[in-house]
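>>> Model the structure of this input:
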Amino acid sequence: MTCCSTEIDKHGLKTILVPTDFLEPSDIALQIAIDLAKQQKAKIHLLHVLPFLKAADKMEMMQKQLAKFTEAKSVEIVPEIRKGKVYEEILKIQTEKNIDLIIIARHNKTESLFTFFRSVTEKVKKYAQCSVLVVGA
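The predicted model follows:
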């Protein structure tokens, strides 16, 4: 983790942000967030960012992702879809929702996907004003 971990120790977690692209590494990040949220009685903001204007079935995909986790029913999860640059929207919601922790997945599927997500992850780690936990390859 990077950044404000002493703040988390003092006050506990109240809000967790999990950016998702609906792939397996995002599921792992969501599972970790659910486990932490149950322990800390925290709220999870599940975020999908669209770099383009096509949003039609993304909320349904988000609901399907949540349905994989039966224990998610015991935690407050707020799904949200935004449009824009992925890392910028992650940082905006982090500020708007006063997020304590971002749990973000790093991918290693194809070179182009890896490069894109590594770039997003690195920018989030660099500019986030809260702790960031990177999960995955």
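>>> Report the mean confidence score over stretch 16-35.
The average pLDDT within stretch 16-35 is 94.
>>> swap in stretch 70-90?
On average, stretch 70-90 scores 91.
>>> buried ones in that stretch?
Across stretch 70-90, burial judged by 16 or more other Cβ atoms under 10 Å covers 72, 75, 77, 79, 82, 86-87, 89-90. To be clear about C-beta, it is placed using only N, CA and C from the backbone, and glycine gets the same treatment.
>>> and which of the residues you listed is nearest Glu24?
Distance ranking of these against Glu24, using Cβ to Cβ, places Ala72 first at 16.4 Å.
>>> got a list of what the spatially most central residue of the chain touches?
In the chain, the C-alpha closest to the average C-alpha coordinate belongs to Val18, at a distance of 1.5 Å (Cα atoms, centre = their mean). Neighbour list for Val18: 26, 29-30, 33, 44-47, 102-104 [criterion: Cβ atoms under 8 Å, 6 or more residues apart in numbering].
>>> In strands, which of those fall?
In strands, defined here by DSSP state E, the members of those are 44-47, 102-104.
>>> Would you format those residues as a markdown table with distance to Leu13 included?
Shown next, in a markdown table, are the ones in strands among the contacts of Val18 (distance: Cβ to Cβ, whole Å):
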| residue | distance to Leu13 |
| --- | --- |
| Ile44 | 10 |
| His45 | 12 |
| Leu46 | 15 |
| Leu47 | 17 |
| Ile102 | 11 |
| Ile103 | 10 |
| Ile104 | 15 |
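>>> top of those residues by neighbour count?
Counting neighbours by other Cβ atoms under 10 Å, Ile102 leads the ones in strands among the contacts of Val18 with 31 neighbours.
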